[in-house]
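Peer 1: Compute the structure for the input listed below.
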Amino acid sequence: MLKTLISETEYLAQEKNATLKSEYLDGEVVAMAGAQEAHNLIVANLIIELGNCLKKHKCRVYPSDFLLHIPQCNKYTYPDIIIACESPIFEKNDFGIDVLANPTVIIEVLSDSTEAYDRGKKFNCYKNLPSFKQYVLVATDEILVETYERAADDKWLLTSETKPEKTIKIGDCEILLEDIYNKMIWQ
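Peer 2: Numbering: from 1, shown residues only. Predicted coordinates:
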């Protein structure tokens, strides 16, 4: 079966009027599925904690409705949360869509269907962005937050935490895991 490929311009035109978000990779458009309650709760908790922490800092926190372009991978995607600590740079396009070009921190909340992709190909694409300094992966099926930080030699250093009473550093913020997982109901 042949895939129908479209250009970046066609994708942006389609995305401008779309009722559901889609990602773009090398001409292929992939519809994004709706998120489960655990995913949305964790994203909301993180937005609250990061927003409060960064209220008086220069960094800005953006939710998943913000489109990010990774030119080196010919990809457009909607990360769950983006933190931009420099003045935001938006790519110009003819469709009035804000497309961020300089994220500092990207946070993805994992699900069974996206975990391998978020850890693999997606992370490898994100690494091409010069402004990108930290990648945060948050599990939904257990208490586990992993952060990868770019070191001076362009290696990525992993820190992980599993105890609710411990904190994890996200950007300039120290956040308790119990606050990230606030109101979670474990099955």
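Peer 1: May I ask which helix or strand encompasses the most centrally placed residue in the chain?
Peer 2: Nearest to the geometric centre of the chain sits residue 79, at 2.8 Å (Cα atoms, centre = their mean). Assigned by DSSP states H and E, residue 79 falls within no helix or strand.
Peer 1: Kindly give the local confidence score, pLDDT, for the residue lying closest to it once chain neighbours are set aside.
Peer 2: Nearest non-adjacent residue to residue 79, counting by Cβ to Cβ, 6 or more residues apart in numbering: residue 106, 4.7 Å away. (Each C-beta comes from the backbone N, C-alpha and C, glycine too.) On pLDDT, residue 106 comes in at 98.
Peer 1: hang on, isn't residue 106 packed against residue 77?
Peer 2: No. At 9.3 Å, residue 106 does not count as touching residue 77 under the criterion of Cβ atoms under 8 Å.
Peer 1: Overlap of the contact sets of those two?
Peer 2: Here residue 106 and residue 77 have residue 68 as joint contacts, going by Cβ atoms under 8 Å, 6 or more residues apart in numbering.
Peer 1: now the strands: where do they sit in the chain?
Peer 2: 22-25, 28-31, 60-62, 67-70, 75-77, 81-84, 90-91, 99-100, 105-109, 134-138, 145-150, 156-161, 167-170, 173-176 (DSSP state E).
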